[in-house]
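> one predicted model, sequence on top.
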Amino acid sequence: MFRFLRPLGRSVTYTRWLHLSMPVAVYGIWLFIDMEKPYVPFLALLLIGLIPAVRLAEGMQVQLLVVPKERGRHDATVSAAPSASWGERWRTVVWLEIRLGLALATMVISVWLPVTTYELLTAPLGHGASEVPILRDTAPHWWWWLLAPVPVVLMLLCVAAVGELDASLARRLLGPSKEERLTALEERTERLLERNRIAREIHDSIGHALTVAVVQAGAARAAGDPAFTARALAAIEETGRTALDDLERVLLVLRESGGPVGQRPTLDEADRLLESARASGAKVESEFSGPLASVPGPVSREGYRILQEALTNVLRHSGPVPVRVRIAVMGERLELDVTNPLPGSLPRVQGGSGLRGIRERAALLGGEARSGPHEGEWRVRVRLPLDGLR
């Protein structure tokens, strides 16, 4: 029933009121200097709005007082940046002119409606003639006291409505330009890609370490051989230490500590992954061909993680089975194949996070990754281009 009164309980209504009242002070100072030329402030704004820093100042005020919930957000509808083009400068000029006009209208509302309330309270007591035009020629009555709150409530409702108009115009005239929206979108995309990359780093490194530890522990318990158990524990220790190093490096990036971050492993260190798989009981045959040292850093680092995830999937789904690994530099591309006997139950090609991560890594580099049964075996086949990353 009283839904129209809800704006009166919102703090933003009153911060917008303050925003609308600020230009009145400057306008009042000019009227004190020269009341015969009230149009001069409007002319001055034509020049002031062309200053690039004015858009920055106005945007900060709007974010603070008019749309406070958007302050500091990357998707704010009001930009807090200097004018970068003539179009933004002229929109700032229009904004300043409209803001001053709204400020003067708010001043009239904020003065005459409270005066009306005062007249409704004092006129029935015989305190002289009313200054309000609608009451000046009307005989006062006692029931005017009952109407006294109406002008105040009407004033607040008008202020709330003008505040909404103020916010709408600010979004239209001070909103981010196409270039600013594109820059914000690119920055957000970079942050999302970095978060996804870090998530994949943690998944690949920790997942590999845990898989190796589980396989080694199960094999040691089944073997019942003290020597084999000692080797298994040593492999678990080495794999765990490597995973902890990777985790610490990723946490340093997340904390943005500014300290030195260890270099991410590359395919030059692929032997470490193969030895880890062998220590888990898998019989790994490897074939390396081509100048691996010439592979660009991004491709080599992602290739290492792809190989790590592929070996992790083998151990997780098939256990310590024979594995063939082929890494070759063929012209302008890197080829990576991991093949093993088919397990009893096939991995979820579409839903598995490991296989999906391999495809995502390959796609980010403009390559492709395929996985599935091939001639009675399970094969992961990855092709990554080199020409665009040298």
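Looks like it arrived, so ask away.

> buried residues in stretch 94-109, which are they?
95-100, 102-104, 106-107, 109 (16 or more other C-beta atoms under 10 Å). Any C-beta I mention is one placed from the backbone N, CA and C, and that applies to glycine too.

> ok, and what's touching that stretch?
17, 20-24, 27, 41-42, 45-46, 48-49, 54, 58, 155, 158-159, 162, 165-166, 169-170, 173-174 (C-beta atoms under 8 Å, 6 or more residues apart in numbering).

> recalculate using a threshold of 6 Å.
With contacts defined as C-beta atoms under 6 Å, 6 or more residues apart in numbering, stretch 94-109 is touched by 20, 23-24, 45, 49, 155, 158, 162, 166, 169, 173-174.

> swap in stretch 157-176?
7, 13, 16-17, 59, 62, 66-67, 77-79, 91, 94-95, 98, 102, 106, 109.

> for stretch 264-280, same thing?
Here stretch 264-280 makes contact (C-beta under 6 Å, 6+ apart) with 212, 215-216, 235, 239, 284, 286, 292, 300-301, 303-304, 307-308, 311, 315, 320.

> buried residues, it. List them.
264-267, 270, 273-274, 276-277, 279-280.

> what of stretch 41-52?
For stretch 41-52, by 16+ other C-beta under 10 Å, it's 41, 45, 49.

> which of the residues you listed fall in helices?
The helices, defined by DSSP state H, take in 41, 45 from those.

> residue 331: which of the buried residues of stretch 41-52 is nearest?
residue 49 (58.9 Å; C-beta to C-beta).

> tell me, how many neighbours does the residue lying closest to that closest one once chain neighbours are set aside end up with?
Spatially, and ignoring its direct neighbours in sequence, residue 49 is nearest to residue 93 (3.3 Å; C-beta to C-beta, 6 or more residues apart in numbering). When neighbours are counted by other C-beta atoms under 10 Å, residue 93 registers 20.

> and the gap between residue 93 and residue 41?
Residue 93 sits 13 Å away from residue 41, going by C-beta to C-beta, to the nearest Å.

> try residue 5
When distance is defined by C-beta to C-beta, residue 5 is 35 Å away from residue 41.

> try residue 284
According to C-beta to C-beta, residue 284 and residue 41 sit 81 Å apart.

> dump the contacts of stretch 94-109 into a markdown table; add distance to residue 332, pLDDT and secondary structure as well.
A markdown table is the format used below for the contacts of stretch 94-109 (distance: C-beta to C-beta, whole Å; pLDDT from 0 to 100; DSSP: H, G, I helix; E, B strand; the rest coil):
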| residue | distance to residue 332 | pLDDT | secondary structure |
| --- | --- | --- | --- |
| 20 | 63 | 89 | helix |
| 23 | 63 | 88 | helix |
| 24 | 68 | 86 | helix |
| 45 | 60 | 87 | helix |
| 49 | 54 | 88 | coil |
| 155 | 73 | 89 | helix |
| 158 | 69 | 90 | helix |
| 162 | 64 | 91 | helix |
| 166 | 58 | 91 | helix |
| 169 | 55 | 91 | helix |
| 173 | 51 | 89 | helix |
| 174 | 49 | 88 | coil |
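
> could you flag which of these are buried?
20, 23, 45, 49, 155, 158, 162, 166, 169, 173-174.

> can I get these in TSV including distance to residue 228?
Shown next, in TSV, are the buried ones among the contacts of stretch 94-109 (distance: C-beta to C-beta, whole Å):
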residue	distance to residue 228
20	80
23	83
45	85
49	80
155	87
158	85
162	82
166	77
169	77
173	75
174	71
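
> hang on, the earlier thing: which members of the contacts of stretch 94-109 are the farthest-apart pair?
Longest span within those, C-beta to C-beta: 49 and 155, 29.6 Å.
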